[in-house]
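Asker: Got a sequence here, can you build the structure:
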Amino acid sequence: MKLGRREKLSVSLGGGFIALFLIVQFIVFPFLDKREAMKRGIEAKWSGLKEIRMLKTEYEAYRKGALGMQSHLARREKGFTLFSFLEQAAGTAGVKDHIKYMKPSDAPGDGRLKESMVEMKLDRINLKQLVDYLYLIESPEQVVSIKRLSITDAKGAAGYLDAVMQVLTIVDS
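Answerer: As a prediction, the model looks like this:
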């Protein structure tokens with residue numbers, strides 16, 4: 001079959017177009033897709049790295065806090081108990097006669113440190129006595145803090161309060 005010059009040009013252009021289409025479809029587009037996927041992968045790895053760095057900073061802060069707490073615990077007098085600490089502070093603040101109850105409890109811990117908690121109720125105290133007592137027992141040096149505090153008006157005694165509080169500390173197991 002003999003083709004004329006114009007037909008040969010048309011066939012050549014058509015073949016070139018098909019070859020170009022195949023090159024673009026099977027070489028260029030997959031290359032660009034893989035490149036885009038690689039960019040997304042790199043961005044995901046960078047965000048993961050940023051999160052790891054943030055977690056490391058947070059971990060270091062917790063670790064530093066734990067070391068500080070352990071140094072406070074080491075400086076605390078031997079035989080420290082939260083119950084006796086609260087009772088002694090109540091005597092100093094002048095609220096010992098207003099203690100209705102004190103319920104100690106220890107939270108089970110699986111590590112070296114565990115929580116010790118005392119729930120106590122103070123009846124018919126004035127605001128100054130309560131503030132003085134809270135000031136004495138909230139002690140970062142002794143690693144003692146107030147977990148929960150509920151204050152109500154004392155029934156039948158105008159100007160007096162009833163307070164129920166949970167006081168928490170950390171102790172060595």
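
Asker: Which neighbouring elements make contact with the longest helix anywhere in the chain?
Answerer: Taking DSSP state H as the assignment, the helix of the chain that covers the most residues is helix 29-75. For helix 29-75, the elements it packs on are strand 161-172, judged by 3 or more Cβ pairs under 8 Å, 6 or more residues apart in numbering; DSSP states H and E. Any C-beta I mention is one placed from the backbone N, CA and C, and that applies to glycine too.

Asker: Please tell me how far R124 sits from G156.
Answerer: 9 Å (Cβ to Cβ, to the nearest Å).

Asker: Neighbour count: those two, which is higher?
Answerer: Neighbours were counted for R124 and for G156 using other Cβ atoms under 10 Å; R124 has more, 17 against 7.

Asker: if I pick that one, what's in contact with it?
Answerer: Counting by Cβ atoms under 8 Å, 6 or more residues apart in numbering, R124 makes contact with H98, A154, A157, Y160, L161, D162.

Asker: Of those, keep whichever come out buried.
Answerer: When the contacts of R124 are checked for burial by 16 or more other Cβ atoms under 10 Å, the buried set is H98, A154, Y160, L161, D162.

Asker: L9 and G15: what is the separation?
Answerer: In this view, L9 and G15 are 11 Å apart by Cβ to Cβ.

Asker: Equivalent analysis for D153, please.
Answerer: Taking Cβ to Cβ as the criterion, D153 is separated from G15 by 97 Å.

Asker: if we can go back for a sec, how big is the angle separating the longest helix of the chain from strand 161-172?
Answerer: Angle between the axes of helix 29-75 and strand 161-172 is 100 degrees (criterion: axes from the mean of the first three to the mean of the last three Cα atoms, to 10 degrees).

Asker: Following element in sequence after helix 29-75, please.
Answerer: Sequence order places helix 82-93 as the next helix or strand after helix 29-75, per DSSP states H and E.

Asker: Show me what counts as buried in that following helix.
Answerer: Going by neighbour count (16+ other Cβ under 10 Å), the buried part of helix 82-93 is L82, F85, L86, E87, A89, A90, A93.

Asker: Check the residues you listed against L136 and report the nearest one.
Answerer: The shortest separation between L136 and any of those is 4.1 Å, and it belongs to A89 (by Cβ to Cβ).

Asker: Need the nearest residue in space to that closest one, chain neighbours excluded.
Answerer: Distances taken as Cβ to Cβ, 6 or more residues apart in numbering place L136 nearest to A89, at 4.1 Å, with adjacent residues excluded.

Asker: Next up, identify which helix or strand that neighbour is on.
Answerer: Short version: L136 belongs to helix 127-137, going by DSSP H and E.
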